[in-house]
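Q: Could you look at this predicted model? Sequence included:
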Amino acid sequence: MTIRAGGAASMATQVARLYFDRELSKVEIAERLGISRFRVARLLRQARDTGLVRIEYRDQVERDLALARAIERRFDVDLCVVAAGPGTGTATARVAAEVMGELVCDGMTVGVAWGSTLGAVADQLRPRRLRGATVVPLAGGSSRIDRDRTPAELTRRVAERLGAAHRDLFAPAFLASAPLRDALVAEPEVEAVLATNRRFDV
């Protein structure tokens, strides 16, 4: 980011520095400067439009934009991102971490499953300090899953990266019968976590 100061753009410069350098939200900037958040948004747009702030994207992972758009249209999804090129395992994790970082905000509930790819995503997440966010496991634990890739472990790691709270689900992922499953999910402690899962944002 490059910021060029000028007399007429002093307010836009101040807003841009608070937003990009201090990483304050638009609401926080509005409260600090005594202006509306709509004016904050206008000043940030002005800063970009006039060249006061220049944003450069330096993706180290190539993305296939055409394929992503085709998948969005074919399956009617809001957002699809496709990592392209060699080494797609690591590339997928890095791109997914970038997208997740853009999607998750203060106050959100994030559901986490398990697996090696998601473990790599957790490692690639940029450290943040979200307020009021919670990470919850989408399934219980199992000896069939590598310990460092279980929902509980990945929930903890994602929460640590996001600076969020996390919930534990003290239940097995696989059960021998439907009646046993029904009895388990009726337990208040388990039911409370599953109820959180039904309200997750990401």
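A: That came through fine.
Q: Where does the prediction get shaky in this structure?
A: 1-9, 56-60, 86-88, 197 (pLDDT under 70).
Q: could you pull out the helices for it?
A: 10-16, 26-33, 37-49, 65-75, 88-103, 116-124, 151-162, 178-185, 188-197 (DSSP state H).
Q: for the ones you listed, which one sits closest to V110?
A: V110 lies closest, by C-beta to C-beta, to one member of these: helix 151-162, at 6.7 Å. (Each C-beta comes from the backbone N, C-alpha and C, glycine too.)
Q: So which residues make contact with the closest one?
A: Outside helix 151-162, the residues within contact range by C-beta atoms under 8 Å, 6 or more residues apart in numbering are 104, 110, 112-114, 118-119, 122-123, 125-128, 130, 133-141, 145, 147, 164-169, 173.
Q: again, only this time at 7 Å
A: The contact list for helix 151-162 (C-beta atoms under 7 Å, 6 or more residues apart in numbering) reads 104, 110, 112-114, 118-119, 122, 125, 127-128, 130, 133, 135-139, 141, 147, 165-166, 168-169.
Q: ok, now stretch 76-86?
A: 61-64, 67-68, 71-72, 91-92, 95, 99.
Q: With neighbour count and distance to G85 as extra columns, can I get the residues you listed in TSV?
A: Supplementary listing: the contacts of stretch 76-86 in TSV, determined by neighbours: other C-beta atoms under 10 Å; distance: C-beta to C-beta, whole Å:
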residue	neighbour count	distance to G85
V61	17	7
E62	13	5
R63	16	9
D64	15	9
L67	13	12
A68	17	14
I71	16	17
E72	14	20
A91	18	6
T92	18	11
V95	22	11
V99	15	17
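Q: now, of the helices of the chain, which is deepest in the fold?
A: helix 151-162 (a mean of 21; mean count of other C-beta atoms under 10 Å).
Q: got the angle between it and helix 88-103?
A: Compare the direction of helix 151-162 with that of helix 88-103 by axes from the mean of the first three to the mean of the last three C-alpha atoms, to 10 degrees and you get 60 degrees.
Q: where's helix 151-162 relative to the chain centroid, distance-wise?
A: Taking C-alpha atoms, centre = their mean, to the nearest Å, one finds helix 151-162 lying 12 Å from the centre of the chain it belongs to.
Q: Stretch 120-129 too?
A: In terms of C-alpha atoms, centre = their mean, the centre of stretch 120-129 is set 9 Å apart from its chain centre.
Q: Let's see that stretch as CSV, backbone CA atoms only.
A: Coordinates of the C-alpha atoms in stretch 120-129 are reproduced here as CSV (Å, rounded to 0.1, in the frame of the first residue of the first chain):
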residue,chain,number,x,y,z
ALA,A,120,-3.1,-27.3,6.1
VAL,A,121,-5.7,-24.5,5.8
ALA,A,122,-5.5,-23.9,9.6
ASP,A,123,-1.7,-23.6,9.3
GLN,A,124,-2.0,-21.0,6.5
LEU,A,125,-4.6,-18.8,8.2
ARG,A,126,-3.2,-15.3,9.0
PRO,A,127,-3.3,-14.6,12.8
ARG,A,128,-6.2,-12.3,13.7
ARG,A,129,-8.0,-11.1,16.9
